[in-house]
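Next come a sequence and a model predicted from it.
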Number of protein chains: 2
Amino acid sequence: MKKVSIKDIAEGLGLSKSTVSLVLNGRGDEKRISADTQERVIKYAKEQHYKPNQLARGLSTGKSEMLGLIIPNISDSFYARIARRIERKARHHGYNVIFSSSSESADREKELIYSMLDRQVEGLIIASTQKNQEEIGQLKKMKFPFVLIDRHYPEIDTNYVVVDNAGGIARAVEELIRVARKRIGFISIEPGLEAIHQRLVGYRETMKIFGLPVEEGFVKELSYENYETEMPEVIQTMVEAPVSVDGIVFATHYLTASGLRELKGLNIHVPRQVAIISFDQMNAFDLVEPPITAVLQPVDEIGDRAVDILLKNLQEPDIPIEQVTLETDFVCRKSCCAG
Amino acid sequence: MKKVSIKDIAEGLGLSKSTVSLVLNGRGDEKRISADTQERVIKYAKEQHYKPNQLARGLSTGKSEMLGLIIPNISDSFYARIARRIERKARHHGYNVIFSSSSESADREKELIYSMLDRQVEGLIIASTQKNQEEIGQLKKMKFPFVLIDRHYPEIDTNYVVVDNAGGIARAVEELIRVARKRIGFISIEPGLEAIHQRLVGYRETMKIFGLPVEEGFVKELSYENYETEMPEVIQTMVEAPVSVDGIVFATHYLTASGLRELKGLNIHVPRQVAIISFDQMNAFDLVEPPITAVLQPVDEIGDRAVDILLKNLQEPDIPIEQVTLETDFVCRKSCCAG
DNA sequence: TTGAAAGCGGTACCAA
DNA sequence: TTGGTACCGCTTTCAA
């Protein structure tokens, strides 16, 4: 039950550490270790329950076989689903993943990045707060392999995998217009994130294209921490304003849930009085009354592509940068029906 | 930008590695290193962007400062929320966490346990498949610090943090009875998990206590992988049986969602024809039509307690085993109303 | 075909 | 107050 090291095996068998190490790493044939010796080593190792110490191996080889994942919040289903995918794929390639939540705090994120570097992770996948220009720049300068997901820094040329946020929102706005809505509001969270910004852009542009006015109060940006307490007033003013909305696009799944909760509280009929569409999805959105139309993000693909790119970078450090923008999908449900 | 080691600093400053190490670990005063030397070291280290290699440190000290987390599925919101809590608390105590999803596969879980041990994690938190009796026994025998969450092995005496599953279900059944339901069904997933088993126990016992018969077909256990395809038939037979149900308790949140989907498809009115209650919760359950009554699990506390216990074990290896059973909470919504 | 030894980047004990 | 050195467990080069 006690820890068995390569040295123990070597001594127990009257061999040298190098021989044992070679055999155990499957390089026995390559180095022409006799079949007999190999067998003895393998058998003995098994008997003694030898387990290699990955810290030692990592220190020696310079490869920790660990990847770092930094996201705002693992309990957000969007990131959780991505995390699952990343961990799975990484594991299949022999990597373990260390994850940490930044809680949208730039300082926390910064600490996490450095802490992971100290831990010698070989690469990093980050859904950044986008407030660590400096650090991301550093990573890039030191040619440390990393890929940004969900949010990227427009000013820095890095690997990233994001979705077409503007396009997704455009699709949503168009759909509302298609069902004859003309006074369309947009509820989002405080800007600062490229992804969120792009959603606003998508909204404004589409409104413009269709010649619809964006009235005073049509665009609301709530705070990340307090959106739930801010929501009631926001919804209320939107529906009671002189020019009240007849459609709302929500920029995230949790805003949608919160907003709908308010609408119901105010006895506003969805979609008759106000049609709504959500950017991104929640599990039970199809069971909600009314079932919620949503823009779908390709979470699995985000995770897969991110790992792919990272692994490629680990093998070939000087590979060109990859920037992937994935298309969103769309599922139409009753929350935006004409009726 | 290149890696700076303690050796580099020592050489650059004409000091010894030990001196530098001591200073950098804040043990300078303790060992009476001159203030001057300390300053020089600290300044130089900062200039050179010295970052300690945690692999090396871990190898040397025997403490990796990493915890392992093994759960069935990080994208299940229940585990995701626990994971968030665990990671947070662990970080506050200087630990990073490596996570992996077992996908309910015993083999996978087994691999993961060993892979994490190889990585030298100092402790493990596992929501086990409960099919690795052997391995868990091993861990215990070698006195490796670990705590089970959500599911435990009744035959093995280990640390664990679980919820009162039977009690939670009992509460649900009682509520259905309170609203005058008498033919109550129970839809669960395939047994093998203690938590799931206890939910069945809770159901049966409560039915018995109230003198209600558990008719043929009242209890259904679906498979973990295929519950969605099995659900239609299950629901159909339950509501169309000679003795059809007028209430259903679902053993998990995803079963509830899936079941409700079917009920709606069949145009069965909830709760008038069939009242339902869910064990465990989803984010939008209050928005669903009808809003779903649910038994709530104290996820935050599960995570917190697990980390607490683990950390205590790391400090004092021979501390007595801790077995925590947390009470569930209950939120009553329309899905089980009399109307 | 196998062994000896250096080194990865730290820590820590014992001397000086 | 500081330095020398062994050691953590494994890999890898060079000799034998």
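Looks like it arrived, so ask away. No experiment lies behind these values; they were computed from the predicted model shown.

Can you show me the strands along the stretch 101-250 of chain A?
A:123-126, A:146-149, A:160-163, A:184-189, A:219-222, A:247-250 (DSSP state E, counting those that start in this stretch).

Turn the ones you listed into a markdown table, including mean pLDDT and mean neighbour count.
(C-beta placed from N, C-alpha, C; glycine too.) A markdown table is the format used below for the strands of the stretch 101-250 of chain A (pLDDT from 0 to 100; neighbours: other C-beta atoms under 10 Å in any protein chain shown):
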| stretch | mean pLDDT | mean neighbour count |
| --- | --- | --- |
| strand A:123-126 | 98 | 26 |
| strand A:146-149 | 98 | 25 |
| strand A:160-163 | 98 | 24 |
| strand A:184-189 | 97 | 25 |
| strand A:219-222 | 97 | 19 |
| strand A:247-250 | 98 | 29 |
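
could I get those as CSV with distance to B:Gln48?
Shown next, in CSV, are the strands of the stretch 101-250 of chain A (distance: least, C-beta to C-beta, whole Å):
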stretch, distance to B:Gln48
strand A:123-126, 22
strand A:146-149, 23
strand A:160-163, 31
strand A:184-189, 40
strand A:219-222, 43
strand A:247-250, 49
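
closest one to DNA strand D among those strands?
Closest to DNA strand D of these, according to C-beta to the nearest atom of the strand: strand A:123-126, at 18.9 Å.

what does that closest one rub up against?
A:67-71, A:86, A:109, A:113, A:116, A:136, A:139, A:144-149, A:306-307, A:310-311, A:313-314 (C-beta atoms under 8 Å, 6 or more residues apart in numbering or on different chains).

if you set the cut-off to 7 Å instead, what comes out?
A:67-70, A:86, A:113, A:116, A:145-149, A:306, A:310, A:313-314 (C-beta atoms under 7 Å, 6 or more residues apart in numbering or on different chains).

what's the answer for stretch A:5-16, then?
By C-beta under 7 Å, 6+ apart, the surrounding residues in contact with stretch A:5-16 are A:Lys17, A:Val20, A:Ser21, A:Thr37, A:Arg40, A:Val41, A:Tyr44, A:Ala45, A:Gln48, A:Tyr50.

any idea how far it is from the chain center?
45 Å (C-alpha atoms, centre = their mean, to the nearest Å).

Also stretch A:284-298?
20 Å.

how about it as PDB, C-alpha atoms only?
C-alpha atoms of stretch A:284-298 as PDB (Å, rounded to 0.1, in the frame of the first residue of the first chain):
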ATOM      1  CA  ALA A 284     -36.700  23.700 -19.800                       C
ATOM      2  CA  PHE A 285     -37.400  26.500 -22.200                       C
ATOM      3  CA  ASP A 286     -39.600  24.200 -24.300                       C
ATOM      4  CA  LEU A 287     -41.800  23.600 -21.200                       C
ATOM      5  CA  VAL A 288     -42.200  27.100 -20.200                       C
ATOM      6  CA  GLU A 289     -45.400  28.900 -20.800                       C
ATOM      7  CA  PRO A 290     -45.200  30.100 -23.400                       C
ATOM      8  CA  PRO A 291     -42.400  27.900 -24.800                       C
ATOM      9  CA  ILE A 292     -39.500  30.200 -25.600                       C
ATOM     10  CA  THR A 293     -38.100  30.900 -28.900                       C
ATOM     11  CA  ALA A 294     -34.300  30.900 -28.700                       C
ATOM     12  CA  VAL A 295     -31.100  31.400 -30.500                       C
ATOM     13  CA  LEU A 296     -29.000  28.300 -29.900                       C
ATOM     14  CA  GLN A 297     -25.300  28.300 -29.400                       C
ATOM     15  CA  PRO A 298     -23.200  25.400 -30.600                       C
END
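
helices or strands next to whichever strand or helix holds A:Arg57 in the packing?
According to DSSP states H and E, A:Arg57 maps onto helix A:54-61. For helix A:54-61, the packing partners by 3 or more C-beta pairs under 7 Å, 6 or more residues apart in numbering or on different chains; DSSP states H and E come out as helix B:54-61.

Can you tell me the strand partners of the very next helix or strand once past the helix it packs on and which way each runs?
Per DSSP H and E, the first helix or strand lying C-terminal to helix B:54-61 is strand B:66-71. Using DSSP bridges, the strands paired with strand B:66-71 are strand B:96-101 (parallel), strand B:123-126 (parallel).
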